[in-house]
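# Okay, here's the prediction I keep looking at, along with the sequence it came from:
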Amino acid sequence: MKLNGEEEEKVVVGYALTSKKKKSFLKPNFIALARSVTEDFRHKHPEVTILDPPDAIQHLLNRQSMLQNVAELNLSDCHGKVGVPQQLVITKNPSTIINEVTKAGMKLPLVAKPLVVDGSAKSHELCIAYDEVSLSKLEPPLVLQEFVNHGGLLFKIYIVGETIKVVRRFSLPNVSKHELLDVDGLFRLPRVSCAAASADDADLDPNIAEHPPRPLLERLARDLRCRLGLRLFNIDMIREHGTKDVFYVIDINYFPGYGKMPEYEHIFIDFLLSLVQNKCKKRDGT
């Protein structure tokens, strides 16, 4: 940015706004313009280390595209199978949802998630639809995913560069066909890992609690780092109940709550130091 005809220099602007003012001031057009300035700076100053470029982060802000990279992976030779639940994007009239679900051959129950992931609490609000009537109560735009029984346990896989940490969290209980006959309506919950407490210290069935195979996680993390162009994200993964090596990725989140990851302080500092060391090696040609 040029100031009064002088040489180009970086301008950093800080702000302190109330929530109300933030909504009225930081509008999409303003944010888009600020992002373009950031991108321009990145291209003009390649010597500056950018952890994760904004255009790559943008890819994870839409649930329609976020899981596509996982669906395209072939991890059949890594001690397990990783896929994504069958999903359907609904962008308009909720009255068409039943027909769209029937046409897609999807089975109840279905998990409904907001299409856009913007970091707000609302973008993590989920619903479970147990019958067709409840489908018409949903509010597009949204993504519908087939619910996969997973023993009430979810694996949060934190990625910090090449470091991988797995944390177990309680999740939604299994649903049987018999139970579906007795359920009516729409069940709303804040997020899939709705019980925020860690399940790492709980007395769990070993068949459910066993971590996904390390080679599988290393390959999955490496391939997603490459495909996404990101180094700071987490993967929400479940194991299909009754299996040992069939896993599903149900969400990918950029820069998640690393404070809930064991030893995050040391891991994150080591990661930042490694970026500096690698840059020095490249500069010195070593």
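Looks like it arrived, so ask away. Keep in mind that this is a model prediction, so the values were computed, not measured.
# got the CA positions of stretch 233-245 in PDB?
Output for stretch 233-245, consisting of C-alpha atoms alone and laid out as PDB, is shown next (Å, rounded to 0.1, in the frame of the first residue of the first chain):
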ATOM      1  CA  PHE A 233      -6.500 -28.300  11.000                       C
ATOM      2  CA  ASN A 234      -8.300 -31.200  12.600                       C
ATOM      3  CA  ILE A 235     -10.200 -34.100  11.300                       C
ATOM      4  CA  ASP A 236     -13.400 -35.500  13.000                       C
ATOM      5  CA  MET A 237     -13.300 -39.300  12.400                       C
ATOM      6  CA  ILE A 238     -15.600 -42.100  13.500                       C
ATOM      7  CA  ARG A 239     -15.200 -45.900  13.400                       C
ATOM      8  CA  GLU A 240     -18.300 -47.700  12.000                       C
ATOM      9  CA  HIS A 241     -19.700 -49.700  14.900                       C
ATOM     10  CA  GLY A 242     -19.000 -53.500  14.600                       C
ATOM     11  CA  THR A 243     -15.900 -53.000  12.500                       C
ATOM     12  CA  LYS A 244     -12.200 -52.700  13.300                       C
ATOM     13  CA  ASP A 245     -10.900 -50.800  10.400                       C
END
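# buried stuff in it?
Of the residues in stretch 233-245, 233, 234, 235, 236, 237, 238, 239, 240 count as buried by neighbour count, 16 or more other Cβ atoms under 10 Å. C-betas here are computed from N, CA, C, even on glycine.
# Can you pick out the most distant pair from those?
Checking the buried residues of stretch 233-245 against each other with Cβ to Cβ, the farthest-apart pair comes out as 233 and 240, at 22.9 Å.
# Longest helix in this protein, by number of residues?
Using DSSP state H, we find that the single longest helix of the chain is helix 264-284.
# so what does that helix touch, helix or strand wise?
strand 153-160, strand 163-170 (3 or more Cβ pairs under 8 Å, 6 or more residues apart in numbering; DSSP states H and E).
# Using PDB, write down the CA coordinates of that helix.
As requested, C-alpha coordinates have been extracted for helix 264-284 and formatted as PDB (Å, rounded to 0.1, in the frame of the first residue of the first chain):
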ATOM      1  CA  TYR A 264      -0.300 -28.200  22.600                       C
ATOM      2  CA  GLU A 265       2.000 -25.600  24.000                       C
ATOM      3  CA  HIS A 266       5.200 -27.500  23.300                       C
ATOM      4  CA  ILE A 267       3.900 -28.900  20.000                       C
ATOM      5  CA  PHE A 268       2.900 -25.400  18.700                       C
ATOM      6  CA  ILE A 269       6.100 -23.700  19.700                       C
ATOM      7  CA  ASP A 270       8.200 -26.600  18.100                       C
ATOM      8  CA  PHE A 271       6.100 -26.200  14.900                       C
ATOM      9  CA  LEU A 272       6.800 -22.400  14.700                       C
ATOM     10  CA  LEU A 273      10.500 -22.900  15.400                       C
ATOM     11  CA  SER A 274      10.700 -25.600  12.700                       C
ATOM     12  CA  LEU A 275       9.300 -23.100  10.200                       C
ATOM     13  CA  VAL A 276      12.100 -20.600  11.000                       C
ATOM     14  CA  GLN A 277      14.800 -23.300  10.900                       C
ATOM     15  CA  ASN A 278      13.600 -24.600   7.500                       C
ATOM     16  CA  LYS A 279      13.500 -21.100   6.100                       C
ATOM     17  CA  CYS A 280      17.100 -20.500   7.300                       C
ATOM     18  CA  LYS A 281      18.300 -23.700   5.800                       C
ATOM     19  CA  LYS A 282      16.700 -22.800   2.400                       C
ATOM     20  CA  ARG A 283      18.200 -19.300   2.600                       C
ATOM     21  CA  ASP A 284      21.700 -20.600   3.400                       C
END
